[in-house]
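1. Quick check, what structure comes out for this input:
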Amino acid sequence: MLPTLAEVLRLPALQRARPRVVAGSEYLDVAVRWVHIAEVTDLAHLLRGGELVLSTGIAMPDDPDALRRYIEDIADAGVSGIAVELGRKYHAELPGAFLDAARAARIPVILLDREARFVEITEAVHIRVVNEQLEELRESEKLHSVFTQLSVEGADTGQILHEAAQLSGCPIVLENLTHQVLACDLNGEDPGTLLTSWESRSRAIRTGTRTVHAPATGWLVTPVGARGQDWGRLILIAGATPPARQTMLVERAATTLALGRLLERHQESLERQTHRTIIAGIIDRAYSDPEEALVRARAVGVPLNGRELVGLVLRLREGGTGLAAQARLSDTAEGAARACRELRLTALVGSLDDLRVGILLALPNRQGLDAALHLLADRLRGAVGDGAVLAVGSTADGIREVRRSFLEARQVGDVAIKQSDRRPFYRLPDLHLRGLLHLFRDDERLQTYVERELGPLLDHDARHGGDLADMLRHYLGAGRNKALAASRAHLSRPAFYERLRRISNVLDADLESVETCLSLHVALLSLDSVRNER
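-> Alright, predicted model coming up:
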């Protein structure tokens, strides 16, 4: 950053000449790019702007009109100021025409009361200017290195914003073209202060193709986009007078974000990422104050205050790894978000893991919940087909209860994926015994029960590579109808009857007993829950 005229006047080389500002003292914040020593009146064509002109005044004209023209010409050239040494031509003060013209042209005029060594002044100012330029180059190189490395490593939006916040020491926010917050790193600042009424505050700041600074808010705003198409704005809350490096930083961060978006393949949209982050923060209790989630959600255009909140989980039937699975999950999340928009349902939608998409539904009143769920289920079926089931948690009384609603919906989804009936959506009461057993799957007493009832049979199958546990499942699933069970097992009746005899021997159990079969059936269902079979 170039030194100002006020800073130049404080340099020892100038202080030795005892400088006095006699005109334009209110303009000393002008930047000084260079120093030019001039003892000619035809000076303007030698200047490029930003110079501090040093002169003894010996060649200046005596005619007042000529003096005015001299000042007007160097003003048009864009000088930062003019310093005149007393003693050679002017002994106590400058002509009135000179000062009047300088005031009119808003050029600071400095008198040097003592003889000045112009070469020392020139050296001192030029060293300061060159050092500032070198520092800018170093800073530019550092920023280039940091953000290039982020691009090479495929850093996501959160990582890029975090690095920009750390380097600047300021909060930074990425918004879309409708002024909704896509992502942010508040650098430890209070989200309630920075993000409240974000849209209205952001709309008050107009930008074009270049970075602008709004002194009233301290915002440094730059567009984000590529190939001539902007898709957002990056805002650094930098203060009233940000240094030049902050502008450089926010522009470099914006370029990295734009490049990252061009390189994205099979990934979630920024909106989905932002929604996912908020939902994950609620479930994982990442917010020190749960009310922070309300502020962040409102900032992305999803008001949650004063509404009935319900956690939904869209559970995929098939998992997988790699780009294909990631793309399928991303498409499911986008399809769910599109369905909510089409139905005008206020919701946060984002993936929870490799198999699940979370939907935080925010309804104005509870009476319309079932109707909204049926409409949403129909839209989701059209968007994702039968590839997923919709699980519904219980209604949350407030943001602090949303975590419980999501955890319940997740449990419901894990059980519902094995159900044979194709309901539009599932709640915990719809799962009956399977739902209850799933809730207790981590209880060691249930695990002990499974081992006591089925352990010998499972051990036998493991040792002999057998299928007796599956045969028992067919038998009990068919309501103890041996003919139907044999058909489902694709075995002849005699072969199936032999399997049942062997099961009875291994377990030392009477398979004709209703109570025994009931106990074994509960144990098999419990085994499914303990294994969390998909």
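
2. check contacts around the nearest residue to residue 333 once chain neighbours are set aside.
-> Spatial nearest neighbour of residue 333, excluding adjacent residues (CB to CB, 6 or more residues apart in numbering): residue 357 at 4.7 Å. (Each C-beta comes from the backbone N, C-alpha and C, glycine too.) Going by CB atoms under 8 Å, 6 or more residues apart in numbering, residue 357 touches 313-314, 316, 329, 332-333, 336, 349-351, 388.

3. Which member of the residues you listed is positioned nearest residue 66?
-> Residue 66 lies nearest to residue 350 out of those, by CB to CB, at 73.6 Å.

4. The protein: strands as residue ranges?
-> Here the chain has its strands, by DSSP state E, at 19-23, 34-37, 51-55, 81-85, 109-112, 172-176, 181-185, 212-214, 219-226, 229-237, 308-316, 346-351, 356-363, 388-396.

5. Using a markdown table, please lay out those strands together with mean pLDDT.
-> As requested, these are arranged in a markdown table below (pLDDT from 0 to 100):
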| stretch | mean pLDDT |
| --- | --- |
| strand 19-23 | 92 |
| strand 34-37 | 88 |
| strand 51-55 | 91 |
| strand 81-85 | 93 |
| strand 109-112 | 93 |
| strand 172-176 | 92 |
| strand 181-185 | 90 |
| strand 212-214 | 91 |
| strand 219-226 | 90 |
| strand 229-237 | 89 |
| strand 308-316 | 94 |
| strand 346-351 | 93 |
| strand 356-363 | 94 |
| strand 388-396 | 92 |
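
6. Residue 461 reaches residue 469, doesn't it?
-> Yes: taking contacts as CB atoms under 8 Å, residue 461 lies within contact range of residue 469: 5.5 Å.

7. Give me the phi and psi for the spatially closest residue to residue 500 that is not a sequence neighbour.
-> Leaving out its chain neighbours, the residue that sits closest to residue 500 by CB to CB, 6+ apart is residue 511, at 5.9 Å. Dihedral angles of residue 511 (phi, psi; degrees, to the nearest 10) stand at phi -80, psi 0.

8. so who does residue 511 touch?
-> Residue 511 sits in contact with 475, 480, 500, 503-504, 517, where contact means CB under 8 Å, 6+ apart.

9. same thing with residue 248?
-> 136, 139-140, 143.

10. just the buried members of the contacts of residue 511?
-> 475, 500, 503, 517 (16 or more other CB atoms under 10 Å).

11. can I get those in CSV with pLDDT?
-> Converted to CSV, the buried ones among the contacts of residue 511 look like this (pLDDT from 0 to 100):
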residue, pLDDT
475, 91
500, 92
503, 93
517, 91
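
12. What about the residues you listed, which are in helices?
-> 475, 500, 503, 517 (DSSP state H).

13. Residue 484 against residue 475, yeah?
-> No: with contacts counted by CB under 8 Å, residue 484 stays clear of residue 475, the gap being 9.3 Å.

14. Number of residues surrounding the residue lying closest to residue 510 once chain neighbours are set aside?
-> Once flanking residues are discounted, residue 510 sits nearest to residue 516: 5.5 Å by CB to CB, 6+ apart. When neighbours are counted by other CB atoms under 10 Å, residue 516 registers 15.

15. Redo the contacts of residue 511 as TSV? Include distance to residue 90.
-> Converted to TSV, these look like this (distance: CB to CB, whole Å):
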residue	distance to residue 90
475	116
480	119
500	121
503	118
504	122
517	117
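
16. check contacts around residue 97.
-> Residue 97 touches 64-65, 67-68, counting by CB under 8 Å, 6+ apart.

17. Let's see that with 6 Å instead.
-> 64, 67-68 (CB atoms under 6 Å, 6 or more residues apart in numbering).

18. so how far is residue 43 from it?
-> 17 Å (CB to CB, to the nearest Å).

19. for residue 189, phi and psi?
-> Dihedral angles of residue 189 (phi, psi; degrees, to the nearest 10) stand at phi -80, psi 160.

20. Next, count neighbours for it.
-> When neighbours are counted by other CB under 10 Å, residue 189 comes out with 15.

21. confidence score at it?
-> In the prediction, the pLDDT value recorded for residue 189 is 89.

22. so what's the closest residue to it other than its chain neighbours up against?
-> Using CB to CB, 6+ apart and skipping the chain neighbours, the partner closest in space to residue 189 is residue 171 (4.9 Å). Going by CB under 6 Å, 6+ apart, residue 171 touches 186-187, 189, 194, 237.

23. try residue 413
-> By CB under 6 Å, 6+ apart, the residues touching residue 413 are 313, 315, 391.

24. Can you give me the domain boundaries for this protein?
-> Split into domains by automatic domain parsing, the chain comes to 5-126, 154-263, 270-431, 444-531.

25. mind giving me a markdown table with these and columns for distance to residue 437?
-> A markdown table is the format used below for the domains of the chain (distance: least, CB to CB, whole Å):
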| stretch | distance to residue 437 |
| --- | --- |
| domain 5-126 | 75 |
| domain 154-263 | 39 |
| domain 270-431 | 8 |
| domain 444-531 | 5 |
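
26. closest one to residue 147 among those?
-> Closest approach to residue 147 among these (CB to CB): domain 154-263, 4.4 Å.

27. What about the nearest residue to residue 166 once chain neighbours are set aside, how many residues nearby?
-> Leaving aside its sequence neighbours, residue 166 sits nearest to residue 187 (CB to CB, 6+ apart; 7.5 Å). As a burial measure, residue 187 scores 17 neighbours (other CB under 10 Å).

28. Ramachandran coordinates for residue 187?
-> Backbone geometry at residue 187, expressed as degrees, to the nearest 10, gives phi 50, psi 40.

29. That one and residue 167 touch, don't they?
-> No: counting by CB atoms under 6 Å, residue 187 does not reach residue 167; the two are 10.4 Å apart.

30. For the chain, name the helix or strand with the lowest mean pLDDT.
-> helix 432-439 (a mean of 70; mean pLDDT, DSSP states H and E).

31. Could you dump the contacts of residue 171 into TSV with distance to residue 27 added?
-> Below are these laid out as TSV (distance: CB to CB, whole Å):
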residue	distance to residue 27
186	37
187	35
189	35
194	35
237	29
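
32. and residue 154, backbone torsions?
-> phi 70, psi 40.

33. can you tell me how far it sits from residue 256?
-> Where residue 256 is concerned, residue 154 sits at a distance of 11 Å (CB to CB).

34. For the stretch 151-300 of the chain, give me the ranges with low pLDDT.
-> Along the stretch 151-300 of the chain, the model assigns pLDDT under 70 to residues 227-228, 262-268.

35. so the residue nearest to the spatial centre of the chain bridges to which residues?
-> What sits nearest the mean C-alpha location of the chain, by CA atoms, centre = their mean, is residue 183, with 2.4 Å. Beta-bridge partners for residue 183, by DSSP bridges, are residue 174.

36. how about it, what does it touch?
-> Residues in contact with residue 183 (CB under 6 Å, 6+ apart) are 157, 161, 174, 274.

37. now swap in residue 406 and tell me
-> Contacts of residue 406 (CB under 6 Å, 6+ apart): 283, 311, 393.

38. How about residue 524?
-> Contacts of residue 524 (CB under 6 Å, 6+ apart): residue 473.

39. From the structure, what's the count of residues near residue 343?
-> 13.

40. So it is in contact with residue 373, correct?
-> No: with contact defined as CB under 6 Å, residue 343 does not reach residue 373; the gap is 10.5 Å.

41. and the biggest helix by length in the chain, what other elements does it pack with?
-> Longest helix in the chain, counting residues (DSSP H): helix 118-152. In terms of contacts (3 or more CB pairs under 6 Å, 6 or more residues apart in numbering; DSSP states H and E), helix 118-152 is packed against helix 12-15, strand 34-37, helix 244-263.

42. Neighbouring strands - and their directions - for the second one?
-> Strands flanking strand 34-37 in the sheet, each with its direction: strand 51-55 (parallel) (DSSP bridges).
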